[in-house]
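Visitor: this is the structure alone, sequence omitted:
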């Protein structure tokens, strides 16, 4: 970072300037009032954290100004320190809701911006070719997630490649390419990206782009299950008439993208009703929780279904970040049809599970939304519709038996949100209070202990 650019400044000077420009650009957004900045360097832990949870903005600026480039390029350790720092209070706040379904509206959106020269990584034991983050973390409870990051944390990298001598050709401003260094893959895994920065103008363009990336949301991994849909207008056509390329993997089949979780305009915090299911069935005989992936794998089936809603039943609606998947759905121009979504292993049978929502293009075909509903809503909604319209809130034995059957196949962590929804709809006493959350005593006491650290 001490090498000089064609501007006469060092890479470190450019990096410090970039941080200040980013903060100025970000300050234009009224939402930035709640921002907190932290500064982490490659120094050995715990000295790498220059500004953390306790330090104020003035300390951050002072530490930034005094930064010097020395020591080793232990990028993996520095990133692990940054993620651990962000995750320090999550178990206390209960934001990850382990074993009880994932709530997109419980989030702490964070962006890690790494500014690096993209040169070889150095370690006390040599020069590694690949970027590895230490797997062991000093944080109790970190084993509950397989990766060091969470679904609301994305990594971006500004890789400085400014030459020492000014280039003669005129610079074309277009999209900035990703870099070829080891950090790029790590960025993409978290739902972020890297930028290969060759000039000051390019750097300014990247900073403008990064400010747009600071969004409230969580990353999901969307994956197609089953066959591709018939081409629009060819509902009855014979499959074999399709070009061969139609059967090979397409970019929209698997997408790693953000869903925007907007704050409620009145309260300033996001509000929601239903979780995204866990990928396992909670079992009271399990002494421990299986570790979860940072990003839920949401499978979508390309079978056109009618979107279901009934009066007064709450549902959650999240807009998807633009991707090959959203582009494909919008190009089909079918805003009155939807594709159901599933989490593998969420049901008792350890198969695809029951649908928990659907993907649908907006009526105006401007974006695609994920609707999150009660678990197995195609069974529950007609039952509730009958309860209000046919039985007038006085259900007969047959209805009660069907409802009991539904409750047995529903993951137990849906009980509370379902009770709350039924209360809002005017049917408060349908579910007995004796039903529990489905976790073993040892798991409950372990999570309680972690929350009190």
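Guide: The structure has been received and is ready for your questions. On a predicted model such as this, the values are computed, not experimentally measured, just so you know.
Visitor: spatially central, which residue of the protein would that be?
Guide: Residue closest to the average C-alpha location in the chain (Cα atoms, centre = their mean): residue 219, at 2.0 Å.
Visitor: and it, that one's in a helix?
Guide: No. Residue 219 is assigned strand when assessed by DSSP: H, G, I helix; E, B strand; the rest coil, not a helix.
Visitor: beta partners for it?
Guide: residue 258 (DSSP bridges).
Visitor: contacting residues for it?
Guide: Contacts for residue 219 (Cβ atoms under 8 Å, 6 or more residues apart in numbering) come out as 151-152, 154, 190-191, 256-258, 294-295. Backbone N, C-alpha and C define where each C-beta goes, glycine included.
Visitor: looking at the residues you listed, spot the one nearest residue 76.
Guide: residue 190 (14.1 Å; Cβ to Cβ).
Visitor: with pLDDT, neighbour count and secondary structure as extra columns, can I get the contacts of residue 219 in TSV?
Guide: Converted to TSV, the contacts of residue 219 look like this (pLDDT from 0 to 100; neighbours: other Cβ atoms under 10 Å; DSSP: H, G, I helix; E, B strand; the rest coil):
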residue	pLDDT	neighbour count	secondary structure
151	97	27	coil
152	97	24	coil
154	97	25	strand
190	95	24	helix
191	94	25	coil
256	91	17	strand
257	93	18	strand
258	96	24	strand
294	96	21	coil
295	97	21	coil
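Visitor: of these, which is the nearest to residue 417?
Guide: Using Cβ to Cβ, the contacts of residue 219 come closest to residue 417 at residue 151, 19.3 Å.
Visitor: residue 162: what secondary structure?
Guide: Going by three-state DSSP: residue 162 is coil.
Visitor: was I right about it contacting residue 7?
Guide: Yes. Between residue 162 and residue 7 there is a contact under Cβ atoms under 8 Å: 7.3 Å.
Visitor: give me the more crowded residue out of these two.
Guide: More crowded of residue 162 and residue 7, by other Cβ atoms under 10 Å: residue 162, with 21 against 13.
Visitor: what about the closest residue to the more buried one other than its chain neighbours, how many residues nearby?
Guide: Nearest non-adjacent residue to residue 162, counting by Cβ to Cβ, 6 or more residues apart in numbering: residue 5, 4.0 Å away. Residue 5: 19 surrounding residues under other Cβ under 10 Å.
Visitor: what do you get for the one 4 residues further on?
Guide: Summarising burial for residue 9: neighbours were counted as other Cβ under 10 Å, giving 15.
Visitor: how close does the closest residue to it other than its chain neighbours get to residue 24?
Guide: Spatial nearest neighbour of residue 9, excluding adjacent residues (Cβ to Cβ, 6+ apart): residue 17 at 7.8 Å. Computed as Cβ to Cβ, to the nearest Å, the residue 17 to residue 24 distance reads 11 Å.
Visitor: so residue 18 makes contact with residue 207?
Guide: Yes. Residue 18 is within contact range of residue 207, at 6.2 Å (criterion: Cβ under 8 Å).
Visitor: what's the neighbour count on residue 37?
Guide: 15.
Visitor: so who does the closest residue to it other than its chain neighbours touch?
Guide: Closest residue to residue 37 apart from its sequence neighbours, by Cβ to Cβ, 6+ apart: residue 60 at 5.1 Å. Residue 60 sits next to 37-39, 50-51 when contact means Cβ under 8 Å, 6+ apart.
Visitor: SS state for residue 445?
Guide: Counting by three-state DSSP, the backbone at residue 445 sits in helix.
Visitor: report how many residues lie close to it.
Guide: By other Cβ under 10 Å, the residues close to residue 445 number 11.
Visitor: relative to residue 399, how far out is it?
Guide: 38 Å.
Visitor: related to what we said a few turns ago, show me which of the contacts of residue 60 are buried.
Guide: Listed as buried from the contacts of residue 60 are 38-39, 50-51; burial here means 16 or more other Cβ atoms under 10 Å.
Visitor: in strands, which of the residues you listed fall?
Guide: Residues from the buried ones among the contacts of residue 60 lying in strands, with DSSP state E as the criterion: 39, 50-51.
Visitor: residues in contact with residue 232?
Guide: Counting by Cβ under 8 Å, 6+ apart, residue 232 touches 332-334.
Visitor: of the residues you listed, which is the nearest to residue 305?
Guide: Among those, and counting by Cβ to Cβ, the member closest to residue 305 is residue 334, at 11.0 Å.
Visitor: correct me, but that closest one touches residue 359?
Guide: No. Using Cβ under 8 Å, residue 334 makes no contact with residue 359, being 11.2 Å away.
Visitor: joint contacts of residue 162 and residue 7?
Guide: Taking Cβ under 8 Å, 6+ apart as the contact rule, residue 162 and residue 7 both touch 14, 200.
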